[in-house]
Each structure stands twice: as structure tokens, then as C-alpha cells.
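*Asks:* pasting a predicted model and its sequence here:
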Amino acid sequence: MDKLSDLRKAPHWSYSAINCYLNICSLQYYFRYIEKAQAEQTSVVLPFGRAFHAAASEQALKAGNGECLTKPELVDVFASCFKVECDETENLKFKNGDTIDSLITKAADMLDELLACWCDYNNLIGVAVPFKIAIDGLSKPLIGEYDMLIKEQSYPVIVDWKTAACSWSPQKADRDLQATCFCYAYNKMNGDNPYFRFDVITKTKKPKFDQLYTERDVDSFNRFEAIALAVEQAVNAGIFLPAETSYFCNDCAYASRCKSWHRQHVGAIVPAMLNKSMKNINQKDLL
């Protein structure tokens, strides 16, 4: 199987793209995936999350052989990756007085909690496992990557590491689209239905680690297919609207473009609406 970086070179759909259009902001989707506009700002949350994943991946590979990294080793992996990610990220945005050093200190506490709670030894199937599947009716394949695949009592489990501002509820895990997307992909490729486990570590002063299990059924897979097809149809139809009250607005990478969006589009939208209304009126006059 190709690496995820190789799969990304060809046209594709991903959970991130579908979720961006559906649950974050369809206009942000347009700026990011269609226009490929340069980010005006990028929250440090993104490089922080990537570096945390890199550290957790190193621990997973070690634990696959029944071993364990030390806290200093794990923090070194995080710090090295985090500094590179920050250097390569344009218009990086810090908040709440954070710095690279203060975030490395925070990550050290989080990784210490991760090590203390680590339970997956000698049950590893794979780390950073890419996938690529076709969905009937979709013009491009769906690609993605499982953070970790393990077996628990002979059952496959997809594990995804999350850093979060606060603890998740089980209801959030049960509704999460990523779990649906990834379980769907695994089912399509392997024929059986896996469990999905979110390993959530909080960024609180005293980090907390939770493991939230969830699973999906055939009906949820059918629903995901319908969602994916509807999103592609909407994209092909050119339907991109701002999410005016989105939780993600404060850290949006395209805030300025969003603010001026209506000035660029109202000239085309209003006449089109008026023409459609006039056609409807003329048709009624003919009846």
C-alpha cells in the first residue's frame, strides 16, 4: 500500500474534506480545496497535534515489541517534530501567551499521562496505516490513515489519538463522522466491522486521558455514503456558503476572504435570483 503522502498526489476525497464542507464551513472548503488560497493564519493547534501524533506513533512502534519509550525520549520526539512543523508553517498564530517552549512543557505533561495509561503492548497490527477505497457514485477515491490498528480479544480496533481542550463525552464519540468514515473504509477493505477507539488526552493543567470506544452498523455506513455523494454534488454545483456562527471562525485561515465574500458574489447572485423570480412570474402568467 502506498504512503498517505503518495495517495494525496492524485485527486481524492478525505474525511477532513468532507467534514470541512459538512460540519465546519463550506466556504472554508472552497478557499482551501478549490481555490487553494494561502492561509492568512494557521493556529498552532495544528502543528502541535501533528507533533503529538508523531510522538504517539513512536511509542506505538516501540510498544508493538512489548517495550516502552522513556518520558525524555518521547518529549524529544515531540519537540523535534514540533519545532520543524512551526518553522514550516506560514503565518503561525499563538494565543493565550503561548510560546514554542511553553507548549513543549505542556506536551511533556500530556505525554507523561499518555505513557502512564498506555495499555497496547504486543497487540499491534500497524501504525500510520493508509487506506484507499472507491465509493459507488463518487468520482474520486476516499483516502485516509489510521493512527494505529490493534487487536483486542481477536477484534480489530482502529485507534485515533486526539488532543483536546477538555474531555469528550461518549455521545461525541458515537456521533463523530471520522469514526464512521474510518470504520466504513475498514469494512469495505476487509469485510468485517472494527471497533473504533478515541484516545483523548486533554491540554488542561493536569492532563486527563480517556479511551472512548464506539462502533458503527450497516445503516450508518449507508448514511455515510449518502453524505459523501451529497457533498460531492453540492461541490460540483458550486454551493459554498459561509457558516456565520461556526465554532471554528476565530481560527479560520481565510477570515479576511470570508469577510469580503459577499462583495464579490452579490453582484452575480442577486441578478440570478431576480431572473429566476421573473421566469416563475412569467410562467404563472401563462397558466
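*Replies:* Ah, there it is.
*Asks:* for Ser5, see how far away Pro127 is.
*Replies:* Residue 127: Val, not Pro. The gap separating Val127 from Ser5 is 15 Å, by Cβ to Cβ, to the nearest Å. All C-beta spots, glycine's among them, are computed from the backbone N, C-alpha and C.
*Asks:* what's the answer for Gln171, then?
*Replies:* Where Ser5 is concerned, Gln171 sits at a distance of 34 Å (Cβ to Cβ).
*Asks:* in the stretch 151-287 of the chain, which spans are strands?
*Replies:* With strands called from DSSP state E, counting those that start in this stretch, the stretch 151-287 of the chain shows them at 155-164, 195-202, 209-214.
*Asks:* which parts of the stretch 151-287 of the chain are helices?
*Replies:* For the stretch 151-287 of the chain, the helices defined by DSSP state H, counting those that start in this stretch occupy 170-175, 177-190, 218-236, 255-259, 261-286.
*Asks:* can you flag the weakest of the ones you listed by average pLDDT?
*Replies:* Of all the helices of the stretch 151-287 of the chain, mean pLDDT reaches its minimum on helix 261-286 (a mean of 54).
*Asks:* contact partners of stretch 72-86?
*Replies:* For stretch 72-86, the external contacting residues (Cβ atoms under 8 Å, 6 or more residues apart in numbering) are 44, 46-48, 50-52, 54-55, 58-59, 69, 92, 100, 103-104, 107-108, 111, 114-115.
*Asks:* ignore the last one, stretch 214-227
*Replies:* Residues contacting stretch 214-227 (Cβ under 8 Å, 6+ apart): 18, 22, 135-137, 170, 173-174, 176-177, 179-181, 183-184, 187, 193-198.
*Asks:* returning to what we had before: Val127 and Ser5 - which one has more neighbours?
*Replies:* With neighbours defined as other Cβ atoms under 10 Å, Val127 and Ser5 compare such that Val127 has more, 20 against 9.
*Asks:* parallel or antiparallel, list what pairs with the helix or strand containing the more buried one.
*Replies:* Val127 is located in strand 124-133, with elements delineated by DSSP states H and E. Here strand 124-133 is paired, per DSSP bridges, with strand 142-152 (antiparallel).
*Asks:* ok, for Lys206, nearest residue in space, not its chain neighbours?
*Replies:* Distances taken as Cβ to Cβ, 6 or more residues apart in numbering put Asp109 closest to Lys206, at 7.8 Å, once the chain neighbours are dropped.
*Asks:* tally of neighbours for the one you found?
*Replies:* Neighbour count of Asp109, defined by other Cβ under 10 Å: 17.
*Asks:* so it versus Ile201, what's the distance?
*Replies:* Distance, Asp109 to Ile201, using Cβ to Cβ: 10 Å.
*Asks:* also Tyr29?
*Replies:* In terms of Cβ to Cβ, Tyr29 sits 28 Å off from Ile201.
*Asks:* go on, Lys71?
*Replies:* 14 Å.
*Asks:* out of these two, which sits in the busier spot?
*Replies:* Shown here are Lys71 and Ile201; by other Cβ under 10 Å, Ile201 has more neighbours (23 against 15).
*Asks:* that one reaches Lys208, doesn't it?
*Replies:* Yes - counting by Cβ atoms under 8 Å, Lys208 is a contact partner of Ile201 at 7.4 Å.
*Asks:* what do the two both touch?
*Replies:* Common contacts of Ile201 and Lys208 (Cβ under 8 Å, 6+ apart): Glu113.
*Asks:* count the neighbours of Cys25 for me.
*Replies:* Counted with other Cβ under 10 Å, Cys25 comes out at 23.
*Asks:* quick one: it from Phe248, how far?
*Replies:* 7 Å.
*Asks:* give me the neighbour count for Asp160.
*Replies:* For Asp160, using other Cβ under 10 Å, the count is 20.
*Asks:* please name the bridge partners of it.
*Replies:* As assigned using DSSP bridges, the partners bridged with Asp160 are Phe198.
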